[in-house]
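Student: Below is the structure, and that's it, no one-letter string:
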């Protein structure tokens, strides 16, 4: 018995040494500092609109009623089906959707964003799109989200996915509290392209070696800016444009031609519905303190 005990006591050490000797060192990926990938979020990386899901998470916390959310969802479905995502509606988004955070603490919004991502958004990430992002990371390239969603929420999503960072709509703050005004404009349409161009200058990126992904024709300025554009779960206009220009098309919607039409999945539309709904919630929350 003593010999048997001693034998088993020594074996783990020998096994560990043998494993160490047989280990193969994998060379680290050489960083590709001039190439990067840019991913839209709503219906490209995630099913539905991220800000709308954020509002849903606030609803589950009792910050406002689900009937409030339903009213915005119905109105936004009509808004989207009519194809009215025009400059006037984007102006509405600029003035109202992100002003919802007025008076809220940045740290509180970030904390809520982290909680709600884990509870509501994580299961809505498209696995196929996530794999595409990972492929860029594995190639040593940086990966950025580019979205009309508030940058704080966009950063939470990027961090949870292990990405490099995020470009999002920037809300003005003072002493850690949102003022209710934007810095610049809603990051939508041409503004996304300008943000990517500015980031490229700052980071030394060669845009001809970069890739961009989106579901919406609204993002054509960004898609046309880079060397390779890819249509993900595309709307009809983007699908036609992609076919005409021989862009790759990837659809992860498992055969559903118009996924989640009842949700505000367009960037501007989602910002309006989800932002206003979240605004009601946060205003009630802070008034109740």
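Tutor: Good, I have the coordinates. Since the structure is predicted, the reported quantities are computational estimates derived from the model, not experimental observations. Numbers count the residues shown, from 1 in each chain.
Student: Residue 180 falls within a strand, correct?
Tutor: Yes. Under DSSP: H, G, I helix; E, B strand; the rest coil, residue 180 sits within a strand.
Student: Give me the neighbour count for it.
Tutor: Residues lying near residue 180 (other Cβ atoms under 10 Å) number 15. C-beta: built from backbone N, CA, C; applies to glycine.
Student: ok, now the one 10 residues further on?
Tutor: Residues contacting residue 190 under the criterion other Cβ under 10 Å number 13.
Student: Could you do residue 235 as well?
Tutor: 19.
Student: and what of residue 228?
Tutor: Neighbour tally, residue 228, other Cβ under 10 Å: 15.
Student: Pretty sure it sits against residue 207.
Tutor: No. Applying Cβ atoms under 8 Å as the test, residue 228 and residue 207 come out as separate, 10.3 Å apart.
Student: show me where the stretch 51-200 of the chain has helices.
Tutor: All helices of the stretch 51-200 of the chain, identified by DSSP state H, counting those that start in this stretch, fall at 66-81, 87-92, 106-116, 127-138, 151-161, 190-203.
Student: What separation do you get for residue 188 and residue 222?
Tutor: According to Cβ to Cβ, to the nearest Å, residue 188 and residue 222 sit 10 Å apart.
Student: Apologies, that question was intended for residue 113.
Tutor: Residue 113 is 24 Å from residue 222, by Cβ to Cβ.
Student: Give me the more crowded residue out of those two.
Tutor: residue 222 (26 against 23).
Student: sec struct for the more buried one, please.
Tutor: Of the three states, residue 222 takes helix under three-state DSSP.
Student: In stretch 154-168, which residues are buried?
Tutor: With burial defined by 16 or more other Cβ atoms under 10 Å, the residues of stretch 154-168 counted as buried are 154-158, 161, 163-164, 166-168.
Student: quick one: which of the helices of the stretch 51-200 of the chain has the weakest pLDDT on average?
Tutor: Of all the helices of the stretch 51-200 of the chain, mean pLDDT reaches its minimum on helix 66-81 (a mean of 51).
Student: still on that earlier bit, reformat the buried residues of stretch 154-168 as a markdown table; add distance to residue 34.
Tutor: As requested, these are exported to a markdown table (distance: Cβ to Cβ, whole Å):
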| residue | distance to residue 34 |
| --- | --- |
| 154 | 24 |
| 155 | 24 |
| 156 | 28 |
| 157 | 25 |
| 158 | 21 |
| 161 | 23 |
| 163 | 18 |
| 164 | 14 |
| 166 | 20 |
| 167 | 18 |
| 168 | 24 |
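Student: From these, pick the one nearest residue 124.
Tutor: residue 157 (10.5 Å; Cβ to Cβ).
Student: That closest one: what's it in contact with?
Tutor: For residue 157, the contacting residues are 41, 45-46, 50, 117, 121, 145, 149, 166, taking Cβ atoms under 8 Å, 6 or more residues apart in numbering as the criterion.
Student: Adding distance to residue 177 and pLDDT, write these out as TSV.
Tutor: Shown next, in TSV, are these (distance: Cβ to Cβ, whole Å; pLDDT from 0 to 100):
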residue	distance to residue 177	pLDDT
41	25	96
45	29	97
46	28	95
50	23	88
117	22	96
121	25	95
145	25	98
149	20	87
166	21	97
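Student: Turn those residues into TSV, including distance to residue 215.
Tutor: Converted to TSV, the contacts of residue 157 look like this (distance: Cβ to Cβ, whole Å):
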residue	distance to residue 215
41	10
45	9
46	10
50	13
117	20
121	16
145	13
149	14
166	17
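Student: Which pair of those residues spans the longest distance?
Tutor: Longest span within the contacts of residue 157, Cβ to Cβ: 121 and 166, 13.6 Å.
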